[in-house]
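Asker: 3D model of this:
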Amino acid sequence: MEERIEKVLWSIALPGFGQILNGKFFKGLLFIILEFLINLQSNLNQVIIYSFQGDIQSAIEQTNYQWLMFYPCIYMFAIWDAYRDARGGKSPYSFLPFVFSAYFMTIGLIYSSSLKIFGVLLGPLFLSLLSVIPGIGVGLFIKIILGNLKRKNN
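Answerer: The predicted structure follows:
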């Protein structure tokens with residue numbers, strides 16, 4: 001279990017690191033290249049800086065949404081893949097929380113320039129990150145439902 005957590009945490013830090021730790025060097029390098037490409041093209045580092053400085057409007061203006069829309073799926077898939085390669089995710093439908101997190105992060109990104117929560121505009125970074133929570137919840141809920149249906153049919 002500790003090994004799985006380590007690889008997931010490294011994959012959260014930088015997609016591709018978990019794969020490298022799992023001995024999947026080509027796949028890890030591919031994720032790292034995709035991370036850098038999307039990061040540079042979307043201006044993600046500048047968006048992160050502005051967001052943490054509280055300058056949400058500048059973060060929105062700097063965001064290249066056409067490129068950043070790729071990020072949630074690559075990011076969550078890299079985390080899932082590192083977890084699975086570390087012998088995790090053996091239960092049926094264990095991928096669903098990762099998939100739905102990617103979906104919800106993408107939806108959060110789409111609405112990040114206009115959606116206010118309690119009157120606060122969170123912007124592309126914080127709204128996308130906050131969207132992981134309902135993504136995990138919906139994914140777990142659907143995983144439980146499908147698991148129960150599978151057990152009833154067997």
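
Asker: residue 104 contacts residue 131, correct?
Answerer: Yes. Between residue 104 and residue 131 there is a contact at 4.1 Å, judged by Cβ atoms under 8 Å. The way it works is simple: take the backbone N, C-alpha and C, and place the C-beta from them, glycine included.

Asker: tell me the SS of the residue nearest the centre of the chain?
Answerer: Centre of the chain computed as the mean C-alpha position; nearest residue by Cα atoms, centre = their mean is residue 76, 3.6 Å away. Residue 76 falls in the helix class when you classify it by DSSP: H, G, I helix; E, B strand; the rest coil.

Asker: quick one: contacts for it?
Answerer: Shown in contact with residue 76 (Cβ atoms under 8 Å, 6 or more residues apart in numbering): 98, 99, 101, 102, 105.

Asker: including secondary structure, could these go into JSON lines?
Answerer: What follows is the contacts of residue 76, written out as JSON lines (three-state DSSP):
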{"residue": "98", "secondary structure": "helix"}
{"residue": "99", "secondary structure": "helix"}
{"residue": "101", "secondary structure": "helix"}
{"residue": "102", "secondary structure": "helix"}
{"residue": "105", "secondary structure": "helix"}
